[in-house]
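Student: here is the input, now give the coordinates:
(chains A and B)
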Amino acid sequence: MAHQAHAYHMVDPSPWPLTGAIAALLMTSGLAVWFHQHSMILMAIGTVLMLLTMYQWWRDIVREGTFQGHHTPPVQKGLRYGMILFITSEVFFFLGFFWAFYHASLAPTPELGGCWPPTGIFTLDPLEVPLLNTAVLLASGVTVTWAHHSMMGGDRKQAIQSLTMTIVLGFYFTVLQAMEYVDAPFTIGDGVYGATFFVATGFHGLHVMIGSIFLAVCLLRQIKHHFTSGHHFGFEAAAWYWHFVDVVWLFLYVSIYWWGS
Amino acid sequence: MAEEDIQTKLQKYRTAPFDARFPNSNQTRNCWANYLDFYRCQKALDAKGVDTAPCDWYKRVFTSICPISWVQKWNDQREEGNFPGKI
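Tutor: Numbers count the residues shown, from 1 in each chain, chains lettered A, B, ... in the order given. The predicted structure is shown next:
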C-alpha cells in the first residue's frame, strides 16, 4: 500500500469544477437571453447547476478535511491564504462602487443641482433604521467572536448559542434592510443617487445573506461535532467573511448614509 | 476677412475674463455658477426693490461661456418649476 510522503493534499479527480464552469456559462448567457428574448429558462438551469455544484463541492471538502484527515497544517495554511485572497478580491469589488459613489457625490453635476444629495432626493435619516442596522452588525461581530472563543475553549453549548445568535442578528439585519428598501422614498432609477445607493447597499445585502448561510452551515457542522477546539478553519473562514461584511457596512454607513445625507 | 484692425477687434470682441475659482479647462462649473448667480442676484435685488443692473455682469459671463442649449434647457426648467439649482 503506497502512502504519500508529504503533508499536502493531492485532490482526487472531481466533476465539480466542470459543472461549475458550465453553470457560469449558462447563467451568463442565460442572463443575456433573458434580456433579449424574455426567457428565463437558461438562467434558471444555470442557477440550479451552480447551487448543486456548490453544495457537492463543499460537501466533498468537508468529507476530505473532517472525515478523511487531509487538512494537515500546511493544507490548512493554504486554505487560509485562499480565503484571505478571496476576501481581498471582494474588498476591491466594493472599492469600485465606493469609487462611483465618491466620484458622483464629491463634484455633483448641474443636472443634480450642483449639490449632494441631489435636488429632489429625500435621504433616509441616518439616525433611524440605518443606525440600528449598524448596532445589529456590530453586535453580531461580538457574538461571532464569542462563538470562536467558546469553540477554542471546548464550550460546545455556548459555541452553538452564540453562533445561533450571530445568525439571528444577521437575519434581523436583512429583514430591517428589506423593509427600508420597500419604504424608501427613492428607487434605483432615481439618478446617480439611487443607482449608487442601491447597487452598493444591494451587493452588501447579498453578502450578508451569503455570510449568514456560511455561518448557518458552520452551526450545522458544529452541532454535528465536525469542529475541534484546535481545528475549525471552516468556522474561522466564515467569521472572517462576516467581519468583512460588517466592515463594508461601516464604510457604507459613514459614506452613503451619514456623509451622503 | 473683415476690414477691422486688431485694435478694433480687441475692443469689440470680448469674452469672460479668467476666473481663478475655475482654473482648469473644464469650465462647466463656471457657467453653472454664473447662471445661478445672475438669477439669485435678480431675485435678491428684486426683493429689495432695487435696480438689478449690477446683476448684468453674471448674465454677460454666462451668455459668453455657456453652451446655448444648456441655457435654453435651464430656462425651460425654471419656467416649469423643474430647475434643480437653488435660486
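Student: please count neighbours and contacts with C-alpha atoms only from this point.
Tutor: Fine.
Student: ramachandran angles for the residue nearest the centre of chain A?
Tutor: The residue lying closest to the centre of chain A (CA atoms, centre = their mean) is A:His207, at 2.7 Å. Here is the backbone geometry of A:His207 (degrees, to the nearest 10): phi -70, psi -30.
Student: how about the contacts made by the nearest residue to it once chain neighbours are set aside?
Tutor: Closest residue to A:His207 apart from its sequence neighbours, by CA to CA, 6 or more residues apart in numbering or on different chains: A:Val245 at 6.6 Å. Contacts of A:Val245 were listed using CA atoms under 8 Å, 6 or more residues apart in numbering or on different chains, and they are A:His204, A:His207, A:Val208, A:Gly211.
Student: try it again with 10 Å
Tutor: Listed by CA atoms under 10 Å, 6 or more residues apart in numbering or on different chains, the contact set of A:Val245 reads A:87, A:90-91, A:137, A:141, A:204-211, A:239.
Student: and residue 44, what does it touch?
Tutor: Let's take chain A. Per CA under 10 Å, 6+ apart, neighbours of A:Ala44: A:Ala23, A:Leu26, A:Met27, A:Gly30, A:Leu31, A:Met50.
Student: that was the other one, I meant chain B.
Tutor: Neighbours of B:Ala44 in contact, by CA under 10 Å, 6+ apart: B:Phe38, B:Val50, B:Thr52, B:Cys55, B:Ile87.
Student: next one: it relative to chain A, how far apart?
Tutor: 19 Å (CA to the nearest CA, to the nearest Å).
Student: helix, strand, or coil at that residue?
Tutor: Look at B:Ala44: counting by DSSP: H, G, I helix; E, B strand; the rest coil, its state is helix.
Student: returning to what we had before: mind putting the contacts of A:Val245 in CSV, secondary structure and pLDDT included?
Tutor: Formatted as CSV, the contacts of A:Val245 follow (DSSP: H, G, I helix; E, B strand; the rest coil; pLDDT from 0 to 100):
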residue, secondary structure, pLDDT
A:Ile87, helix, 98
A:Glu90, helix, 98
A:Val91, helix, 98
A:Leu137, helix, 98
A:Gly141, helix, 98
A:His204, helix, 98
A:Gly205, helix, 98
A:Leu206, helix, 98
A:His207, helix, 98
A:Val208, helix, 98
A:Met209, helix, 98
A:Ile210, helix, 97
A:Gly211, helix, 98
A:Ala239, helix, 98
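Student: and those, which is closest to chain B?
Tutor: When those are compared for distance to chain B (CA to the nearest CA), A:His204 wins out at 30.5 Å.
Student: count the residues that sit near that closest one.
Tutor: A:His204 has 18 neighbours, counted by other CA atoms under 10 Å in any protein chain shown.
Student: which ChimeraX command selects the buried ones in the contacts of A:Val245?
Tutor: The ChimeraX selection below is limited to those of the contacts of A:Val245 classed as buried (16 or more other CA atoms under 10 Å in any protein chain shown):
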select /A:87,137,141,204,205,207,208,209,210,211,239
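Student: rebuild the contacts of A:Val245 as JSON lines, extending it with distance to A:Gly114.
Tutor: Shown next, in JSON lines, are those (distance: CA to CA, whole Å):
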{"residue": "A:Ile87", "distance to A:Gly114": "36"}
{"residue": "A:Glu90", "distance to A:Gly114": "32"}
{"residue": "A:Val91", "distance to A:Gly114": "30"}
{"residue": "A:Leu137", "distance to A:Gly114": "34"}
{"residue": "A:Gly141", "distance to A:Gly114": "39"}
{"residue": "A:His204", "distance to A:Gly114": "28"}
{"residue": "A:Gly205", "distance to A:Gly114": "30"}
{"residue": "A:Leu206", "distance to A:Gly114": "32"}
{"residue": "A:His207", "distance to A:Gly114": "33"}
{"residue": "A:Val208", "distance to A:Gly114": "34"}
{"residue": "A:Met209", "distance to A:Gly114": "36"}
{"residue": "A:Ile210", "distance to A:Gly114": "38"}
{"residue": "A:Gly211", "distance to A:Gly114": "38"}
{"residue": "A:Ala239", "distance to A:Gly114": "42"}
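Student: so which of the contacts of B:Ala44 comes closest to A:Phe171?
Tutor: Using CA to CA, B:Ile87 comes nearest to A:Phe171 of those, at 45.5 Å.
Student: list the residues that contact that closest one.
Tutor: Residues near B:Ile87 by CA under 10 Å, 6+ apart: B:Tyr35, B:Leu36, B:Asp37, B:Phe38, B:Tyr39, B:Arg40, B:Cys41, B:Gln42, B:Lys43, B:Ala44, B:Arg78.
Student: residues touching the last one, list them.
Tutor: With contacts taken as CA under 10 Å, 6+ apart, B:Arg78 has the following neighbours: B:Gln72, B:Pro84, B:Gly85, B:Ile87.
Student: let me know the secondary structure of residue 4.
Tutor: Going with chain A. coil.
Student: looking at chain B here, not the other one
Tutor: B:Glu4 ends up coil, using three-state DSSP.
Student: before I go, just wanted to say thanks for your time.
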